[in-house]
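**Q** give the three-dimensional model of this entry:
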Amino acid sequence: MELPVAQEQHTDLVARCQEGDAVSFKKLYEQYARAMFNTSLRIVNDRTEAEDILQEAFIEAFHNIKTFENRSSFGAWIKKIVINKSINQLKKKKINIVEIDAGQQYETDAEPVHDESETRWQVQLILDSIKKLSPGYRTVVSLYLLEGYDHEEIAQIMGVAESTTRTQYIRGKQKLLQILKGDQ
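**A** Down below sits the predicted model:
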């Protein structure tokens, strides 16, 4: 089976990195740095911290490149490293995600219903509004909406219960809607 050209080049770049080729390290960095910076920035909401996380993530990835086995793309691998480092940075600041009590039910029926399909917001306005969320809400909303992770994956990444990520997402989305409407 023949690989698509982009995948073949990607696989070749990783193989050359595993052999210690500095030019290939640079090419992989250039290919993924901007997207990984944006991923980290959406979580930590601080440019300097996001830059530091980006550098640390690539150092870790390149230090461990020989263990990379092409079971996923290099992009998926480095993204997981960036997200974990970003969340760890939030944890260092002792920004906690509130666990809900096991017996507590979160009533979504009592929530006001928003017709999101009719609301057309500009992408930049939404991204700017996400930055205004508290770190816990911002992290879950970013991972779910922008990075495409499901609640099970987010719970695993963050080390919390899946019900917690669902609750944080619902509350974060409501808060985001308030910000977008100017209620905040």
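
**Q** list the contacts for the residue most central in space within the chain?
**A** Among the residues of the chain, the one closest to the centroid is Leu143, at 4.3 Å (Cα atoms, centre = their mean). Neighbour list for Leu143: 43, 83, 149, 153-154, 157 [criterion: Cβ atoms under 8 Å, 6 or more residues apart in numbering]. Every C-beta, even on glycine, is put in place using the N, C-alpha and C of the backbone.

**Q** do you know how far Leu90 is from Ile43?
**A** Leu90 is 7 Å from Ile43, where distance means Cβ to Cβ, to the nearest Å.

**Q** looking at these two, which is more packed in?
**A** Ile43 (26 against 20; other Cβ atoms under 10 Å).

**Q** what helix or strand does the more buried one sit in?
**A** Using DSSP states H and E, Ile43 sits in helix 22-44.

**Q** what is the rounded mean pLDDT of that helix?
**A** For helix 22-44, the mean pLDDT works out to 92.

**Q** buried residues in it?
**A** 24-25, 27-29, 31-33, 36-44 (16 or more other Cβ atoms under 10 Å).

**Q** the chain - how does it break down into domains?
**A** With domains defined by automatic domain parsing, the chain comprises 5-92, 98-184.

**Q** and the next helix or strand past the helix holding Ile43?
**A** Next element after helix 22-44 (DSSP H and E): helix 47-63.

**Q** who are the packing partners of that following helix?
**A** helix 22-44, helix 74-92 (3 or more Cβ pairs under 8 Å, 6 or more residues apart in numbering; DSSP states H and E).

**Q** what's that helix in contact with?
**A** Under Cβ under 8 Å, 6+ apart, the answer for helix 47-63 is 17, 25, 29, 33, 36-37, 40-41, 44, 68, 74, 77-78, 81-82, 85-86, 89.
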